[in-house]
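>>> Mind folding the following:
(chains A and B)
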Amino acid sequence: MAKEIRNREENYSEWYNNLVIKADLAENSAVRGCMVIKPYGYAIWEKMQSELDRRFKETGHVNAYFPLFIPKSFLSKEAEHVEGFAKECAVVTHHRLKANPDGKGLIVDPEARLEEELVVRPTSETIIWNTYRNWIKSYRDLPILCNQWANVVRWEMRTRLFLRTTEFLWQEGHTAHATKEEAIEETRKMVGVYADFAKEVMALPVWVGAKTASERFAGAVETLCIEALMQDGKALQAGTSHFLGQNFAKAFDVQFANKEGVLEYVWATSWGVSTRLMGALVMAHSDNNGLVLPPLLAPVQVVLVPIYRGEEEREASCSHLEKLKDKLLAKGLRVTLDDRDNVRSGFKFTEWEVKGVPLRIAVGPRDLANGTVELARRDTLDKEVVPLEGIEERVEQAMKDIQENIYKKAWDFREKNTFEIDSYDLFRERIEEGGFFLCHWDGTPETEAKIKEETKATIRLIPEEENPVPGQCMVTGKPSSQRVVFARAY
RNA sequence: CGGGGUGUAGCGCAGUUGGCAGCGCGCCACGUUCGGGACGUGGAGGCCGAAGGUUCGAGUCCUUUCACCCCGACCA
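Take a look at the predicted model:
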């Protein structure tokens, strides 16, 4: 991979600053790795939310909300689940503070100790399944197809802006089904929704497939996921959909009477994506001039910049652009007129470029005289002078073109950095450069662990293939039923 | 929790053998500018991460502590 792209990783933080900042919490605060999402960044998340939410509704889901606090005992009911999350939970032990008798400030009131500690949800399976128990009596109550938009807290040892913050925003779908087949179908369907969303809205090509046992969600029978390639050659898990089997139904004793009146345990799924998607967006599309946002997610799709010299020309350009702005707004486009007089146009160009606005329209005296405008595309950095006539259609078309082109660029990049490799020696050499590697693996956790140990590469997923081509494991030479996708990951 | 690094103005940093707290960017005012990050003049902005110690005197030396960043382990 080019050195230039490596260096770009260092620039991520600069691009991030337009969207978020590290939370400036009180000194000595024990809370670390939280982020403040700025309005410009949050607008992107809102766009993602509304697009996802629409797709969830289309697939029959409804939104609900469950408590932030989970009784500690709930978490321990599912053995693997507790093992997976116990190490990273924030725990509420008291419910009151009082004045410090020895001086100033407040102390935790020892009298206010909770009988049972509460865990701040790291994910909501337990509290939701505890609730579902009461909702589900008969096969007629099924399926339950709920989604929740919420924040969760995971006390990770190491945090990373966007990708692994202590608190993050996400959506988590939790469904209950009468049959195994139906639950598996739901798991597949939802990972498909994520993959479509990534492609169509985020302009991000993704691999879809199943996790290996070692990478699986704690408590899941199978985890499906989407994986994207970042420009520094590392993979990023961008969404997961879990088939939970009857694990949670058994742990929380959720049974229903089937048509024959026989009690059966419910089949479950859960699926989620988080603000990590914003990190994916930044790392997948940004260039050395800053963010590049796909039009469907850009808080500002078109920025209008007047060019002038003196008050008279300013008036002329601005009033002209006001009219253009109204026309574009009428087309449903998100448009901003940057009529600030305290910065020059060149400054504005650069600033909006860093913010990733897909299209810029500049109008100066020359354009006013000629009946033209200057269009500048963020994705290609091309500029062209076009007639004002028919500008709405041209802008609408540009939005489509830019969305497509950003996807194509990301696709080409991934194609260029995806390799079929059969020699482990070559694998070890090439993994240093980043990218996805399609290799044969003997299917054992031991070999998987060895590869991770020696190369830091993990199996990102096992793709679902109609006609899998068998081969031999690149490490052990044992038979392999199909190629799996390796990469170094965030 | 291990290994390395950094804490000085909103941001980025300099600060010599201990001796008046500095620079660039940004911010405010005025003027000149304005088709790709303008310039001039003036101005505001600081408990030098925190606590303790040495000293006539500490941003600087000593001790303790806290936070942040990078690399591991952990993870979406």
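>>> Dihedrals phi and psi, the closest residue to RNA strand B within the stretch 351-490 of chain A?
Closest residue of the stretch 351-490 of chain A to RNA strand B, C-beta to the nearest atom of the strand: A:Gly364 (2.3 Å). (Each C-beta comes from the backbone N, C-alpha and C, glycine too.) For A:Gly364, the backbone dihedrals (degrees, to the nearest 10) come out as phi -130, psi -170.
>>> If we ignore the residues flanking it in sequence, what's nearest it?
Spatial nearest neighbour of A:Gly364, chain neighbours left out: A:Ile307 (3.3 Å); criterion: C-beta to C-beta, 6 or more residues apart in numbering.
>>> my guess is A:Glu313 meets A:Arg366, correct?
No - look at A:Glu313 against A:Arg366 with C-beta atoms under 8 Å: they stay out of range, at 10.7 Å.
>>> Spatially central residue for chain A, please.
A:Leu277 (1.8 Å; C-alpha atoms, centre = their mean).
>>> Quickly find the element holding it.
Remark: A:Leu277 resides in helix A:276-285, with elements defined by DSSP states H and E.
>>> packing partners for the following helix or strand past that helix?
Downstream of helix A:276-285, the first helix or strand assigned by DSSP H and E is strand A:302-306. Identification of packing neighbours for strand A:302-306 by 3 or more C-beta pairs under 8 Å, 6 or more residues apart in numbering; DSSP states H and E yields helix A:310-330, strand A:335-337, helix A:345-354, strand A:359-363.
>>> Settle it for me: which of A:Glu313 and A:Arg366 has more neighbours?
A:Glu313 (15 against 11; other C-beta atoms under 10 Å).
>>> Please report how far the more buried one lies from RNA strand B.
8 Å (C-beta to the nearest atom of the strand, to the nearest Å).
>>> and the gap between that residue and A:Leu163?
47 Å (C-beta to C-beta, to the nearest Å).
>>> ok, now A:Glu222?
24 Å.
>>> now swap in A:Leu145 and tell me
Distance, A:Leu145 to A:Leu163, using C-beta to C-beta: 29 Å.
>>> helix/strand/coil for A:Arg340?
coil (DSSP: H, G, I helix; E, B strand; the rest coil).
>>> For it, report the pLDDT, please.
The model reports A:Arg340 with a pLDDT of 89.
>>> so where's the stretch 101-250 of chain A shaky on pLDDT?
A:102-105 (pLDDT under 70).
>>> As a check, name the ranges of all helices in it.
Under the criterion DSSP state H, counting those that start in this stretch, the stretch 101-250 of chain A contains helices at A:125-135, A:180-200, A:247-251.
>>> List the buried residues in whichever strand or helix holds A:Val373.
Here A:Val373 is covered by strand A:372-377, with elements defined by DSSP H and E. Neighbour counts using 16 or more other C-beta atoms under 10 Å place A:372-377 of strand A:372-377 among the buried residues.
>>> Pull the number of nearby residues for A:Ala449.
Using other C-beta under 10 Å: A:Ala449 sits among 12 other residues.
>>> One more: A:Gly60?
With other C-beta under 10 Å as criterion, A:Gly60 counts 11.
>>> nearest spatial neighbour of it, skipping sequence neighbours?
Once flanking residues are discounted, A:Gly60 sits nearest to A:Leu145: 5.4 Å by C-beta to C-beta, 6+ apart.
>>> Check A:Leu169 too.
A:Thr275 (4.8 Å).
>>> Can you give me the pLDDT of that neighbour?
A:Thr275 is given a pLDDT of 91.
>>> Got the phi and psi for the closest residue to A:Lys199 other than its chain neighbours?
Once flanking residues are discounted, A:Lys199 sits nearest to A:Pro205: 6.3 Å by C-beta to C-beta, 6+ apart. The phi and psi values for A:Pro205, taken as degrees, to the nearest 10, are phi -70, psi 140.
>>> ok, now A:Val292?
phi -130, psi 110.
>>> which helices and strands sit right next to the longest helix seen in chain A?
Counting by DSSP state H, the longest helix found in chain A is helix A:391-416. The contact analysis (3+ C-beta pairs under 8 Å, 6+ apart) places helix A:391-416 against strand A:222-229, helix A:276-285, helix A:310-330, strand A:359-363, strand A:372-377.
>>> can you do 10 Å?
Applying 3 or more C-beta pairs under 10 Å, 6 or more residues apart in numbering; DSSP states H and E, one finds that helix A:391-416 contacts helix A:180-200, strand A:222-229, helix A:276-285, strand A:302-306, helix A:310-330, strand A:359-363, strand A:372-377, strand A:383-387.
>>> Could you save the ones you listed as CSV and add columns showing distance to A:Ile459?
Below are those laid out as CSV (distance: least, C-beta to C-beta, whole Å):
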stretch, distance to A:Ile459
helix A:180-200, 17
strand A:222-229, 10
helix A:276-285, 19
strand A:302-306, 43
helix A:310-330, 47
strand A:359-363, 40
strand A:372-377, 38
strand A:383-387, 45
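>>> Pull up the residues of the stretch 301-450 of chain A that are close to RNA strand B.
With C-beta under 7 Å from any atom of the strand as the criterion, the stretch 301-450 of chain A meets RNA strand B at residues A:307-310, A:341-347, A:349-351, A:353-354, A:360, A:362-368, A:374, A:376, A:381, A:383, A:385.
>>> can I get the CA coordinates of stretch A:86-93 in CSV?
Output in CSV follows, covering the C-alpha atoms of stretch A:86-93 (Å, rounded to 0.1, in the frame of the first residue of the first chain):
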residue,chain,number,x,y,z
ALA,A,86,-18.3,-8.9,32.6
LYS,A,87,-14.9,-7.4,32.1
GLU,A,88,-16.1,-4.2,30.6
CYS,A,89,-19.1,-3.1,32.6
ALA,A,90,-19.7,0.1,34.5
VAL,A,91,-21.6,-0.7,37.7
VAL,A,92,-23.9,1.5,39.8
THR,A,93,-23.5,0.8,43.5
